[in-house]
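1. give me a model of this one.
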Amino acid sequence: MPIWIFRFFTLVAFPLLVYQYISQDWRSLLAGLLCGAIVLAGEVLFKRMRLIKIMIGCTGFMIGYILFLLLEAALQSFGTPSMLSFWGTYAKQVQLGLEIFGVIVAIIKARDLEGLSYTGHHLKIADITALMDGRIVDLCEINFLSGVIVLPVFVLDELQKMVSSKDPLARAKGRRGMDVATRLQELKEVEVRITSKNPRADSTEEKIVKLAKSLDAEIVTLDFNINKLATLKKVVVKNIADLATALKPVVLPGETMSLFIMKDGKEKEQGIGYLDDGTMVVVEEGRKHIGKRTEVSVYSILQTSSGRMIFAKVK
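-> Okay, here's the model as predicted:
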């Protein structure tokens with residue numbers, strides 16, 4: 001729902017409240033209008049205070065009041081004398097009840113209404129793998145990821161279940177994911193929203209893709225299955241693992257590099273070393289150089305689905 005609707009109902013609701021429950025004259029209408037204008041100014045100037053929830057509550061109040069008017073009109077047209085007598089006695093109580101009901105329902109549904117009604121690629125939905133990985137925070141800090149980071153409640157619930165797990169590894173991953181979610185909310189570089197929208201699906205992966213499809217949003221993930229499913233559904237995916245692979249330094253056959261050989265390899269006389277980005281380098285005849293930094297020459301590069309492997313020999 002566009003934000004201007006909430007602002008309009010705020011300006012209408014405040015004068016009506018003051019007029020009905022405080023004083024029924026033009027000065028009360030003016031005072032109510034001034035209160036609504038102050039709330040709108042506060043919402044614009046102090047967005048961090050989440051004053052939009054007050055406007056959502058005012059929208060609920062107006063909906064309750066409209067329901068009261070419709071009910072009153074229906075009773076005036078079709079009501080029996082006994083119903084009209086009851087209405088004349090308890091009309092004010094019914095009106096107040098409907099207005100309070102509208103405010104309560106609007107505030108309960110505020111997380112669905114607040115902000116996420118705007119669709120588009122500026123929304124980035126973080127899945128559970130992106131939160132457990134943690135590099136999403138670094139990407140936001142350097143402004144590589146911009147817009148609004150959306151954290152679905154069902155993803156946070158999955159992390160909470162992991163925190164309560166008896167498996168130490170799952171528990172550690174769940175705690176890390178919750179810590180990353182907290183760090184994201186503390187960042188000034190991006191805006192973070194939590195949504196309770198929960199699409200019907202058999203798995204969390206399908207829920208993520210359906211939510212992104214409904215919001216025309218992008219997905220931030222490291223999950224291979226989500227990547228493939230989103231591609232089939234024509235949803236844009238920002239895969240952090242693909243980004244890390246793309247940013248690895250380019251090494252070509254015939255290049256020479258200085259490499260620290262850490263351990264022996266599977267084959268006889270082989271040594272194993274690693275580049276700064278973690279790429280494994282298998283060095284022929286490198287076993288006798290274990291524990292030393294040695295000049296090696298690259299002669300082959302193998303790219304697999306799990307990563308890249310470089311083969312070299314001592315120069």
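2. touching, residue 237 and residue 228? I think so.
-> No - if you go by Cβ atoms under 8 Å, residue 237 and residue 228 don't touch, sitting 9.2 Å apart. For the C-beta atoms, the positions are set from N, CA and C on the backbone; glycine is no exception.
3. between the two, who's got more neighbours?
-> More neighbours surround residue 237 than the other of residue 237 and residue 228, with 22 against 12 (other Cβ atoms under 10 Å).
4. partner residues bridging that one?
-> residue 219 (DSSP bridges).
5. how near is it to residue 88?
-> According to Cβ to Cβ, to the nearest Å, residue 237 and residue 88 sit 61 Å apart.
6. any idea which residue sits dead centre in the chain?
-> residue 150 (1.3 Å; Cα atoms, centre = their mean).
7. wait, isn't it in contact with residue 126?
-> Yes - here residue 150 lies in contact with residue 126, judged by Cβ under 8 Å, at a distance of 7.0 Å.
8. can you confirm residue 313 is in a strand?
-> Yes - per DSSP: H, G, I helix; E, B strand; the rest coil, residue 313 lies within a strand segment.
9. quick one: contacts for it?
-> Residue 313 sits next to 283, 284, 285, 286, 296, 297, 299 when contact means Cβ atoms under 8 Å, 6 or more residues apart in numbering.
10. make it 6 Å
-> 284, 297 (Cβ atoms under 6 Å, 6 or more residues apart in numbering).
11. that one and residue 103, how far apart?
-> 75 Å.
12. equivalent analysis for residue 142, please.
-> Taking Cβ to Cβ, one finds residue 142 at 42 Å from residue 103.
13. quick check: closest non-adjacent residue to residue 106.
-> Among residues not flanking residue 106 along the chain, residue 60 sits closest, at 2.7 Å (Cβ to Cβ, 6 or more residues apart in numbering).
14. from what I can see the one you found touches residue 103, true?
-> Yes - using Cβ atoms under 6 Å, residue 60 is in contact with residue 103, at 4.4 Å.
15. look at these two and report which has more neighbours.
-> residue 60 (25 against 20).
16. state the next helix or strand along the chain beyond the one helix or strand that one maps to.
-> For residue 60, the element it lies in under DSSP states H and E is helix 52-78. The helix or strand immediately downstream of helix 52-78 is helix 81-108, counting by DSSP H and E.
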